[in-house]
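# the following block contains a protein sequence and its predicted model.
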Amino acid sequence: MTAMSLGTTEHLVPSRAMALAVVGGLACALAIGNALPVTMDTVSGALAPLCANAAESSPLDKVEPIGSYALPNVPGKRVTIVRVFYGPGGFSRPHRHAGSVTAYITKGEIRSQLGGGPVETFGVGQSFFEPPGSTHLVSANASATEPAELIAVFVADEGAQLTTLLE
């Protein structure tokens, strides 16, 4: 066997494995997809007030639901995970969340101010915590030229409106 044919044979084996992995992944996605729309519609509805403020800052600002799960060991509570994208200069209006929120910065820098506390800036890999009932006065992209992103994990009562905008 020549080096050329050996290389070709080795290349086919990973391709078959990759094809099987893709088919398996699609099958799992289809199975999950049948149950997911009801959950994601619920999550999207609960997040609507947070999404509504995008028109007031940047058209690139958006909230993307990732998942929502009942906590079997804490009856009546649910964990909900979302990705928040802020375009350059993007922000959210002052708001309050039901339950607790932990935010983890995945891109850029986020400015945040809770209640009467100081305005803080968090970068990639940093996180901050919002206790139940706290007011989030500043939630904004720290950059006017680059996008920013965070993952927010809510733990709140089942059926709670996760975000309430403040007047």
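Nice, thanks for sending it over. Here the structure is a predicted model, which means the values were calculated and not measured.

# residue ranges of the strands in the protein, please?
When assigned using DSSP state E, the strands of the chain occupy the ranges 62-70, 77-86, 91-92, 95-97, 100-107, 109-114, 120-123, 127-130, 135-141, 148-157, 163-165.

# could those go into TSV alongside mean pLDDT and mean neighbour count?
Using the backbone N, CA and C atoms, a C-beta is placed for each residue, glycine as well. Supplementary listing: those in TSV, determined by pLDDT from 0 to 100; neighbours: other Cβ atoms under 10 Å:
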stretch	mean pLDDT	mean neighbour count
strand 62-70	95	16
strand 77-86	97	21
strand 91-92	93	22
strand 95-97	93	19
strand 100-107	97	18
strand 109-114	97	20
strand 120-123	98	14
strand 127-130	96	15
strand 135-141	95	20
strand 148-157	97	20
strand 163-165	92	17
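
# excluding chain neighbours, give the residue nearest to D157 in space.
Nearest residue to D157 in three dimensions, chain neighbours excluded: G76, at 6.0 Å (Cβ to Cβ, 6 or more residues apart in numbering).

# residues touching the nearest residue to G87 once chain neighbours are set aside, list them.
Here the nearest residue to G87 in space, its sequence neighbours aside, is L60; by Cβ to Cβ, 6+ apart that works out to 2.6 Å. Listed by Cβ atoms under 8 Å, 6 or more residues apart in numbering, the contact set of L60 reads 85-88, 90, 147.
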